[in-house]
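Novice: sequence plus predicted model, see below.
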Amino acid sequence: MKIAIAGAGAMGSRFGIMLQKGGNEVLLIDGWKEHVDAIQTKGLQANFNGEDITVNIPIMLQSEVHSDEKMDVIILFTKAMQLEKMLQDITCMISKQTKVLCLLNGIGHEDVIEKFVPMQNIYIGNTMWTAGMEGAGKVKLFGNGSIELQNLGKGQEEGAKALAELLSASGLNAKYLDNIHYSIYRKACVNGTMNGLCTVLDVNMAGLGLTTPANDMVETIVKEFASVAEKEDVHLDIEEVITHVKSCFNAETIGMHYPSMHQDLIKNHRLTEIDYINGAISRKGRKYGIATPYCDFLTQLVHAKEQILGVK
Ligand code: NAD
Ligand code: AOT
């Protein structure tokens with residue numbers, strides 16, 4: 001299968017490496033010139049579960065994408081604020097048969113994707129895999145993960161199941177779901193708690209879990225997400241979601257991970273996705289007349305930290 005990864009940072013690199021290893025023809029597409037140059041000259045360097053490997057993998061700048069490269073599958077893995085520009089640059093690669101899968105964190109990306117991609121071609125989901133950038137051309141990948149996905153287009157269920165099988169054949173552990181909006185909200189609860197809190201407190205998920213207020217903060221934020229989700233006919237099982245979120249504190253499994261927002265702001269002084277996670281819940285809360293004070297405050301704290309660090 002010809003698979004393009006649109007946004008080849010930490011997660012895009014992980015997926016690119018695993019899908020190429022699985023026998024697919026993978027093309028990475030990215031906008032960070034230094035990173036593209038490094039991979040073209042030295043290969044993609046990865047610490048993969050403790051082993052240092054170099055992978056030769058094709059990569060091109062998104063500004064150089066051209067229309068004679070039609071893809072079977074395109075996986076979107078930009079940061080949320082980069083998504084629209086990426087879609088503008090790659091639409092020429094989309095044929096009637098191309099499946100476009102969005103696995104970004106956050107809520108409502110389909111509203112942007114629909115502007116560029118026919119509904120019949122769109123698949124959305126989320127992932128529990130993790131990854132980190134160590135610099136241009138260099139990534140760190142550890143642990144296991146999973147993917148849940150569904151078709152947005154009516155009647156494309158078989159296409160979604162085939163897409164999940166394709167990803168699983170490369171070890172990515174993907175599953176078709178018939179209620180993806182539930183799953184996206186459930187994962188957003190992980191990011192709505194872990195990402196902002198670990199960023200503001202400068203700690204990994206295990207470290208957050210060791211603090212006394214962590215449980216109460218997690219429970220309050222999840223309840224805000226659940227109240228907003230109700231208005232969109234997504235009925236979260238609050239106790240199960242809270243247990244799921246708190247499982248991230250486990251240092252033996254995933255707790256040593258610094259959420260991508262921490263990697264962005266604290267480690268690399270880059271802007272965060274807070275407006276697409278807690279900020280999205282605050283906006284929806286205002287629209288539905290629901291108070292979301294913890295999401296409002298966390299969004300403001302992260303923006304204040306962005307400004308303190310002079311990030312633009
Ligand atoms: P990333 O920041 O590593 O990469 C996104 C884009 O930013 C890429 O185009 C990359 O080249 C560019 N970029 C990265 N570092 C840069 C730098 N220093 N200077 C200039 N450009 C740079 O993003 P990611 O962590 O792969 O996340 C992609 C999506 O997946 C996001 O929506 C994220 O929330 C989600 N996600 C991330 C993780 C994780 O563990 N990283 C886990 C699950 C979901
Ligand atoms: C994560 N992390 O989604 C993934 O870093 O943005 C991120 C992210 C799976 C389980 C727990 C946290």
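Specialist: Nice, I can see it. Ligands and ions are numbered 1, 2, ... in the order given.

Novice: quick one: mean pLDDT for the host helix or strand of Leu208?
Specialist: According to DSSP states H and E, Leu208 maps onto helix 205-209. Mean pLDDT, helix 205-209: 98.

Novice: what packs against it?
Specialist: Applying 3 or more Cβ pairs under 8 Å, 6 or more residues apart in numbering; DSSP states H and E, we find helix 205-209 packed against helix 180-201. Glycine gets a C-beta too; all of them are placed from N, C-alpha and C.

Novice: residue of the stretch 1-150 of the chain closest to ligand 1, please.
Specialist: Gly9 (1.8 Å; Cβ to the nearest ligand atom).

Novice: spell out which parts of the stretch 151-300 of the chain neighbour ligand 1.
Specialist: Ser260, Asn268, Glu273 (Cβ under 6 Å from any ligand atom).

Novice: quick one on the thing from earlier: following the helix holding Leu208, which helix or strand comes up?
Specialist: helix 214-230.

Novice: buried stuff in the next helix or strand after that next one?
Specialist: Toward the C-terminal end, the helix or strand that comes next after helix 214-230 (DSSP H and E) is helix 238-246. Of the residues in helix 238-246, those with enough neighbours to count as buried (16 or more other Cβ atoms under 10 Å) are Ile238, Val241, Ile242, His244, Val245, Lys246.

Novice: tell me which of those residues is nearest to Gly255?
Specialist: Proximity of these to Gly255 (Cβ to Cβ) peaks at Lys246, which lies at 10.4 Å.

Novice: that closest one contacts Gly209, doesn't it?
Specialist: Yes - between Lys246 and Gly209 there is a contact under Cβ atoms under 8 Å: 7.1 Å.

Novice: what's Gln150 in contact with, if anything?
Specialist: Tyr123, Ile124, Gly125, Ala160, Tyr176, Leu177, Asp178, Asn179, Ile180 (Cβ atoms under 8 Å, 6 or more residues apart in numbering).

Novice: kindly report the same for Leu103.
Specialist: For Leu103, the contact set (Cβ under 8 Å, 6+ apart) comprises Met11, Ile75, Leu76, Phe77, Gly125, Asn126, Thr127, Ile147, Leu149.

Novice: pLDDT score assigned to it?
Specialist: Taking Leu103 on its own, its pLDDT is 98.

Novice: check what pLDDT the residue nearest to Val55 when sequence neighbours are not counted gets.
Specialist: Closest residue to Val55 apart from its sequence neighbours, by Cβ to Cβ, 6 or more residues apart in numbering: Leu44 at 4.7 Å. Per-residue confidence (pLDDT) for Leu44: 98.

Novice: could you measure Leu44 against ligand 2, distance?
Specialist: In this view, Leu44 and ligand 2 are 20 Å apart by Cβ to the nearest ligand atom, to the nearest Å.
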